[in-house]
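Q: okay, predicted coordinates and the sequence, questions at the end:
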Amino acid sequence: MRLVAENLAAKRGEDLIFVNVSFQLAAGEAMVLTGRNGSGKSTLLRVVAGLLRPERGRVEAVFRDGRESRPAREVSHYLGHRNAMKQELTVIENLAFWQAYLGDFEGGEGRSIAAAADAVGLGGITHLPFGYLSAGQQRRFAMAKLLVAHRPVWILDEPTAALDASADQMFAGLVHEHLANGGIAIAATHQPLGLKDAKTLVMKGFEYRETGEMA
Ligand SMILES: Nc1ncnc2c1ncn2[C@@H]1O[C@H](COP(=O)(O)OP(=O)(O)OP(=O)(O)O)[C@@H](O)[C@H]1O
């Protein structure tokens with residue numbers, strides 16, 4: 001599978017935020033978005049996830065040497081600034097909702113809720129209401145959402161902002177494993193996230209520039 005974006009342009013309100021953004025990512029590849037505040041990183045991630053309609057262009061998952069394609073949103077997980085969990089439901093109820101809602105994309109299987117909780121280092125507390133947990137614990141369970149359903153593309157918007165170093169490291173391990181299993185990741189992040197061989201895309205509003213490998 002490849003993720004292909006061609007000539008994307010997006011508006012927020014009446015304003016065009018970026019134009020002519022194109023990139024391609026193959027299985028196992030990652031791309032980090034950089035650029036000043038307000039340059040359109042979150043906007044681009046939301047377009048790829050299908051949460052915003054592009055003004056122009058397309059972004060698709062392409063299979064079988066281009067003979068088949070699906071909208072990117074059907075193969076993607078989106079982890080935004082917010083955790084997208086209900087405060088009054090338990091962790092198990094929240095993750096069970098996402099597992100059923102997202103489903104597995106063909107070719108893989110999500111982990112059980114217990115296994116996903118273990119993977120984020122919080123095995124013993126899934127019976128608690130989400131709202132009882134600390135901010136860091138809540139963020140870790142938002143990351144567990146990526147594990148309970150199989151989606152080959154992970155779209156990550158500042159996934160580790162405000163987390164401690166051990167959570168950073170834990171998440172970098174999950175991303176690394178996802179890529180090693182043939183997944184794709186696109187992230188706006190200031191943390192390394194195990195993405196040292198990632199491509200970079202510098203968002204510059206109307207201009208943009210793709211550079212090779214990250215240092
Ligand atoms: N809902 C909205 N309505 C109108 N304009 C918006 C909306 N959301 C964002 N914008 C504008 O779109 C532009 C791009 O915002 P975006 O959040 O994509 O930038 P960013 O690169 O992710 O920024 P940051 O690094 O601060 O997170 C900004 O000028 C912002 O003010």
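A: Alright, I've got the coordinates. Worth saying up front: this structure is predicted, and the values here are computed from it rather than measured.
Q: show me what contacts the spatially most central residue of the chain?
A: Centroid-nearest residue in the chain, with Cα atoms, centre = their mean: I155, separated by 1.8 Å. By Cβ atoms under 8 Å, 6 or more residues apart in numbering, the contact list for I155 reads 45, 48-49, 76-79, 185-187. Bear in mind the C-beta positions are built from the backbone N, C-alpha and C, glycine included.
Q: just curious, which of the residues you listed is nearest to the ligand?
A: L45 (7.7 Å; Cβ to the nearest ligand atom).
Q: any idea whether that closest one is helix, strand or coil?
A: Taking DSSP: H, G, I helix; E, B strand; the rest coil as the rule, one finds L45 in the helix state.
Q: that one: neighbour count?
A: 23 (other Cβ atoms under 10 Å).
Q: coming back round to it: wait, a strand at the residue nearest to the centre of the chain?
A: Yes. Under three-state DSSP, I155 sits within a strand.
Q: where's G107 relative to A61, distance?
A: Separation of G107 from A61 (Cβ to Cβ, to the nearest Å): 11 Å.
Q: who touches both of these two?
A: Contacts common to G107 and A61, judged by Cβ under 8 Å, 6+ apart, are P152.
Q: and the contacts of I155, which of them are in helices?
A: Using DSSP state H, 45, 48 are the members of the contacts of I155 that sit in helices.
Q: wait, which of the contacts of I155 is closest to A149?
A: Nearest to A149 among the contacts of I155: H77, at 7.4 Å, using Cβ to Cβ.
Q: got the contact list for that closest one?
A: Contacts of H77 (Cβ under 8 Å, 6+ apart): 102, 145-146, 149, 151, 153-155.
Q: which residues of the chain score low on pLDDT?
A: Filtered on pLDDT under 70, the chain yields the residue ranges 205-215.
Q: how about the residues of it by the ligand?
A: Within the chain, the positions adjacent to the ligand are 12-13, 17, 35, 37-43, 188, 203 by Cβ under 6 Å from any ligand atom.
Q: now render the residues you listed as JSON lines, adding secondary structure and neighbour count.
A: JSON lines is the format used below for those (DSSP: H, G, I helix; E, B strand; the rest coil; neighbours: other Cβ atoms under 10 Å):
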{"residue": "R12", "secondary structure": "strand", "neighbour count": "13"}
{"residue": "G13", "secondary structure": "coil", "neighbour count": "5"}
{"residue": "I17", "secondary structure": "strand", "neighbour count": "23"}
{"residue": "G35", "secondary structure": "coil", "neighbour count": "19"}
{"residue": "N37", "secondary structure": "coil", "neighbour count": "5"}
{"residue": "G38", "secondary structure": "coil", "neighbour count": "12"}
{"residue": "S39", "secondary structure": "coil", "neighbour count": "19"}
{"residue": "G40", "secondary structure": "coil", "neighbour count": "25"}
{"residue": "K41", "secondary structure": "helix", "neighbour count": "25"}
{"residue": "S42", "secondary structure": "helix", "neighbour count": "20"}
{"residue": "T43", "secondary structure": "helix", "neighbour count": "20"}
{"residue": "A188", "secondary structure": "strand", "neighbour count": "23"}
{"residue": "M203", "secondary structure": "strand", "neighbour count": "22"}
